[in-house]
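Trainee: Structure for this input, please:
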Amino acid sequence: MPTTLVLGAAIKAEADAELKYWVDNDCSEVVENGGPCVLRIHQEFGNPAFVAWCAQFGWMCVNRATAKLGITNKLPQLAGAANMLAASKKVLPVSKTPAVGALMYRKSSEGTGHIGVVVEVDAKGFHTIEGNAGDKVAYVYYTTKKIKSQGMSFIHAEMMSFLDRRSPGWT
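Mentor: Next up, the predicted model:
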């Protein structure tokens, strides 16, 4: 199996594992982007609490997956990646098509954005697991119509030029 498919599956697995952690540990005490479960994500990210934790969640899933595969994670820690992506599509290679393991970016009404991990794609849309989705890690479904209406973009595993293709496990 090509490593890009393995990486996509590994990113999905990390998102699934984090969602399970939130369910198993009753992480319902999130208030104003805080609480023990959010703090755990902030700490893994390097503790910049000022960063939207949806971005921290996406980075954390990629970071855990690349570590398990022995691939160097060169993904910036996404502090402002939503703004960077919105400002210039040249900064990160993106697609308008969801794929398992891709990072999904959608514009928000405030002009910033939101990031999630695509975990399933079907004929009518796709499912994500997202941090900071209603103050929790949550499973969210989007129809394909939302891709255009919400200005969505996807960073696929094979587009992650920030990953070191010379690392062990990369083909």
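Trainee: How about the contacts made by residue 147?
Mentor: Residue 147 makes contacts with 96, 98, as judged by Cβ atoms under 8 Å, 6 or more residues apart in numbering. The way it works is simple: take the backbone N, C-alpha and C, and place the C-beta from them, glycine included.
Trainee: Could you measure from it over to residue 106?
Mentor: Computed with Cβ to Cβ, to the nearest Å, the distance linking residue 147 and residue 106 is 9 Å.
Trainee: Name the residues contacting each of the two.
Mentor: Taking Cβ under 8 Å, 6+ apart as the contact rule, residue 147 and residue 106 touch no residue in common.
Trainee: quick one: least confident helix or strand in the chain?
Mentor: Least confident helix or strand of the chain, by mean pLDDT, DSSP states H and E, is helix 81-87 with a mean of 49.
Trainee: Partner strands of the helix or strand just after that helix, with direction?
Mentor: With elements assigned by DSSP states H and E, the helix or strand that comes after helix 81-87 is strand 103-106. Its sheet considered, strand 103-106 pairs with strand 114-121 (antiparallel), strand 153-155 (antiparallel) by DSSP bridges.
Trainee: what's next to strand 103-106, contact-wise?
Mentor: Applying Cβ under 8 Å, 6+ apart, the contact partners of strand 103-106 are 11, 58, 62, 81-82, 85-86, 94, 98, 113-118, 126, 128, 142, 146, 150-155.
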